[in-house]
Structure formats: structure tokens, C-alpha cells
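> Provided below are the primary sequence and the corresponding predicted coordinates.
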Amino acid sequence: MVVVGRPKGDRRAYLQWQEANLPPQVVFEILSPGNRPKARHARTEAAEATACASWALSRERRG
């Protein structure tokens, strides 16, 4: 995740309302085999609702 204008630091989750209400500009998410289509859809909708500039999903590869 890339958020311009916020200090660097470890976060378990990015809570936009606690970060000067700045949305992430770029998000990369690696999907595990256990992710269900409904959960993936919810994440995509969340990215669109927060005005995230770029959202990339990738599947985990094994082997």
C-alpha cells in the first residue's frame, strides 16, 4: 500500500479516518486460495468507495 503524505510505519490495518482521511493511492493485494469471491468483491468495492487511485489483485502461486 502506498499513501503519500502519511508517515511511514507498521500498521496492522490502514484506517483512513485515523490517517487525515487520506485514501491509499496504490494497493497491492495477494489473494490466498482461501479467499472467497464474495470477499474479493467486497475489497474491490471498498477500494472504489475510498477513491483509491490504483488497486491490483494477484493470486498466490504455489510450486
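Good, I have the coordinates. The structure displayed is predicted, hence computed values, not measured ones.

> Check which helix or strand the residue nearest the centre of the chain maps to.
A centroid search over the chain (Cα atoms, centre = their mean) returns residue 27, at 4.4 Å, as the residue closest to the centre. Element membership for residue 27 (DSSP states H and E) is strand 26-31.

> mind checking pLDDT for residue 18?
Residue 18 carries a pLDDT value of 91.

> Count the neighbours of it for me.
Residue 18: 9 surrounding residues under other Cβ atoms under 10 Å. (Glycine included, C-beta is placed from N, CA and C.)

> Return the distance of it relative to residue 11.
According to Cβ to Cβ, to the nearest Å, residue 18 stands 9 Å off from residue 11.

> which is the next helix or strand following the strand holding residue 27?
The helix or strand immediately downstream of strand 26-31 is helix 37-49, counting by DSSP H and E.

> And whichever helix or strand comes after that following helix, what's buried?
As assigned by DSSP H and E, the chain's next helix or strand after helix 37-49 is strand 54-59. Neighbour-count burial for strand 54-59 flags residue 55 (criterion: 16 or more other Cβ atoms under 10 Å).

> quick one: the residue nearest to the centre of the chain from residue 15, how far?
Taking Cβ to Cβ, one finds residue 27 at 14 Å from residue 15.

> Can you pull the poorly scored residue ranges out of the protein?
By pLDDT under 70, the low-scoring segments of the chain are 60-63.
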